[in-house]
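J.: got a predicted model here, sequence first, then my questions.
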Amino acid sequence: MAAFVRVVQAGSFAEAARRAGTTTSAMSKAILRFERAHGVRLLHRTTHSIALTEEGDRLMEAGRALLERLEGFEAALGEIAAGGGGGRVCVTAPTSFARACILPRLPAFLDKNPEIRIELKFRNEILDLAAEGVDIAVRSGPLDAWPGHQAQRLASIPWIACASPAYLAARGVPSAPAELDGHDHVGFRNPATGQLLAWRFAGPDGESLRYAPKPKHVCDDAHATLALVCEGFGVSWGPAWIMGDELASGRLVEILRNWRIPEEPLWMVRTSNRRPPERTRRTMAFLASLTWRRYL
């Protein structure tokens, strides 16, 4: 039954075998043995695809529950065997957040927890956490795309328009978003969607204003965008985690502060409400410790 559920979730015998660390033949034979022993057929198999039979569809829900209990047993057994503190923890986070906030302090965490193995996925797009084997996802904004997941709020993040002191001294300081038309813009293009990031502001009456920049320079890496702004190539807009250190040091200056949009929540998301292993809890505590010193 475990093999059956894993094959259906993965969409193929080969992918299920890869995730389970076994062979395609072993997965196929396990399901065939089950079918013969119980006189049922669970899957329609073709050269290029698989599909559930009526019997397979009826058994899938029970199979999922069985697999969850099995995985819970395996996790408990792993904790007993290793004290619960050792093993792999897979974390996914937006690329800019991972580089700015996680990586600088990750070595110290790993030095204190040598039994933990971290897999860090730099992803800006929404992932299927269960399918990708992700234990913790760091994400910002609303949680509409994460139904049924467990979420812990880490922080509230301001989005900030900024420029270098030298640029502002030469070109002037805009007092309203409309005045950005007279400035050079440094834009960010989302590598996952190919879309140029629009800038958002809140008007004096709280109304939402969307500003479409006309960038002189465009990067699909947030830190490359930051570097250009620090060197005086224009104005940009983004989350405070990217430019927090530069604002604190004076290399950048915030503009249009009175036009900030409401701060955006930053979340730590997991797939299950079950108590996570000790290694995951330690990693979650580490991530929670990152936020307070990074944001304005």
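T.: Looks like it arrived, so ask away.
J.: can you give me the strands in the stretch 101-250 of the chain?
T.: Under the criterion DSSP state E, counting those that start in this stretch, the stretch 101-250 of the chain contains strands at 116-122, 136-140, 150-157, 159-163, 186-188, 199-202, 208-211, 217-219, 236-239.
J.: who's in contact with the last one?
T.: Identification of contacts with strand 236-239 by Cβ atoms under 8 Å, 6 or more residues apart in numbering yields 96-97, 140, 157-163, 185-188, 197, 199-200, 213, 222, 225-226, 228-229, 264. Heads up, the C-betas are built off the backbone N, CA and C, glycines and all.
J.: thinking again about what came up before, may I see the strands of the stretch 101-250 of the chain organised as TSV, with mean neighbour count, distance to Arg19 and mean pLDDT added?
T.: Putting the strands of the stretch 101-250 of the chain into TSV (neighbours: other Cβ atoms under 10 Å; distance: least, Cβ to Cβ, whole Å; pLDDT from 0 to 100) gives the following:
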stretch	mean neighbour count	distance to Arg19	mean pLDDT
strand 116-122	15	14	91
strand 136-140	21	18	88
strand 150-157	16	22	86
strand 159-163	23	37	95
strand 186-188	24	34	96
strand 199-202	19	39	95
strand 208-211	13	41	92
strand 217-219	16	35	95
strand 236-239	24	33	94
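J.: to Arg18, which of those strands lies closest?
T.: Taking Cβ to Cβ, strand 116-122 is the member of these nearest to Arg18, at 15.3 Å.
J.: not counting sequence-adjacent ones, nearest residue to Phe97?
T.: The shortest distance from Phe97 to any non-neighbouring residue, by Cβ to Cβ, 6 or more residues apart in numbering, is to Trp241 (5.4 Å).
J.: so where's the stretch 151-296 of the chain uncertain?
T.: Applying pLDDT under 70 to the stretch 151-296 of the chain flags the ranges 273, 291-296.
J.: and the nearest residue to Ala93 once chain neighbours are set aside, how far is that from Cys101?
T.: Sequence neighbours aside, Val138 is the residue nearest to Ala93 in space, at 3.9 Å (criterion: Cβ to Cβ, 6+ apart). Noted for Val138: a distance of 9 Å to Cys101, by Cβ to Cβ, to the nearest Å.
J.: the residue nearest to Phe97 touches Ala100, doesn't it?
T.: Yes. Counting by Cβ atoms under 8 Å, Ala100 is a contact partner of Trp241 at 5.3 Å.
J.: the more surrounded of these two?
T.: Taking other Cβ atoms under 10 Å, Trp241 and Ala100 do not tie; Trp241 has more neighbours (25 against 22).
J.: quick one: low-confidence parts of the stretch 1-150 of the chain?
T.: Filtered on pLDDT under 70, the stretch 1-150 of the chain yields the residue ranges 75-85, 127, 144-148.
J.: that'll do, ta.
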